[in-house]
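Visitor: Let's see this in three dimensions:
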Amino acid sequence: MGSNLLKRKRLDFSCALILVICVVGLSLLLSSNHFHLLIVSFSSLVGIVAARFRWQRDKARIKHLAGKNIILRNSMTVSDDAIAIVATYPKYSIPVIAVLIILDYFLDWRILNAIAGVGVGYSLCRLGFILSWEGIHGPIYSEMNPACLGGKEGMIYRTGEVVDTLDPCGKVWISGEIWNAECSHSEVLEKGTLVCVIHIEGLTLKVERLK
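Guide: Next up, the predicted model:
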């Protein structure tokens, strides 16, 4: 369960979390009389421009897999992992807030204004793009590309062809090998049907019709 949390996260939740953290940072600057409107405004514009370019790239990478809209990433950064954990377990946001308070004392306030401004502009604009798209197509998830994980998990989302009718069990040809397979929806899939692997149980692949 824990590893799955680090591999898949709701894109809108993650973006909203970044926005909240940056707003908290701005609040700390405001309360300590270090808030600078001009720096925050300019850096927010930089964040908005960056968000627009990022969304154009992300939108082109959205795939409909296993009934979900997923962006597959070939690597996960430390920040990606941290966001996934905090988004799932809000109690872990306390250390994040503590770090913000410490930074408020040790970093130059102009740098903090710029960082917070970019963060607010970026996350707010990106969240707007994401929610607009999700309002039509449904939630977007960001997930580690299973092909980069190796082992059995590396089979997830691979596509192949039914070679022995699934009713619901049968055999499929995937990655140059014949596998025991079962249709995840108890649907009868005839020979020649293209399928996608969505789960693995032991040596049996759970598949669904490729849409």
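
Visitor: contacts and neighbour counts: CA atoms only from here.
Guide: Will do.

Visitor: State the mean pLDDT of the longest helix belonging to the chain.
Guide: Longest helix of the chain, by residue count under DSSP state H: helix 109-137. The average pLDDT within helix 109-137 is 91.

Visitor: other SSEs contacting it?
Guide: Packing contacts for helix 109-137, counted by 3 or more CA pairs under 8 Å, 6 or more residues apart in numbering; DSSP states H and E, involve helix 11-31, helix 37-60.

Visitor: and the residue of the chain positioned farthest from its centre, backbone torsions?
Guide: When each C-alpha in the chain is compared with the mean C-alpha position (CA atoms, centre = their mean), N33 comes out farthest, at 35.8 Å. Backbone geometry at N33, expressed as degrees, to the nearest 10, gives phi 60, psi 30.

Visitor: Which residue ranges make up each domain of this structure?
Guide: 2-144, 148-209 (automatic domain parsing).

Visitor: Of the ones you listed, which shows the lowest average pLDDT?
Guide: When I compare these, domain 2-144 is least confident, with a mean of 80.

Visitor: just how off-centre is that domain within its chain?
Guide: When distances are taken as CA atoms, centre = their mean, to the nearest Å, domain 2-144 is centred 11 Å away from the chain's centroid.

Visitor: Isn't R52 up against L124?
Guide: No: R52 is not in contact with L124 according to CA atoms under 8 Å; the separation is 10.9 Å.

Visitor: More neighbours: which of those two?
Guide: Using other CA atoms under 10 Å as the criterion, R52 and L124 rank with L124 on top: 21 against 15.

Visitor: State the distance from that one to V195.
Guide: Using CA to CA, to the nearest Å, L124 is found at 38 Å from V195.

Visitor: circling back: deepest in the core, which of the helices and strands packed on helix 109-137 is it.
Guide: helix 11-31 (a mean of 19; mean count of other CA atoms under 10 Å).

Visitor: How many neighbouring residues does S132 have?
Guide: 12.

Visitor: wait, doesn't S41 sit right on I115?
Guide: No: the criterion here is CA under 8 Å, and S41 misses it with I115 at 11.3 Å.

Visitor: ok, what's across the strand from the closest residue to I174 other than its chain neighbours?
Guide: The shortest distance from I174 to any non-neighbouring residue, by CA to CA, 6 or more residues apart in numbering, is to G160 (4.5 Å). Counting by DSSP bridges, G160 is bridged to V195.

Visitor: Alright, calling it a day.
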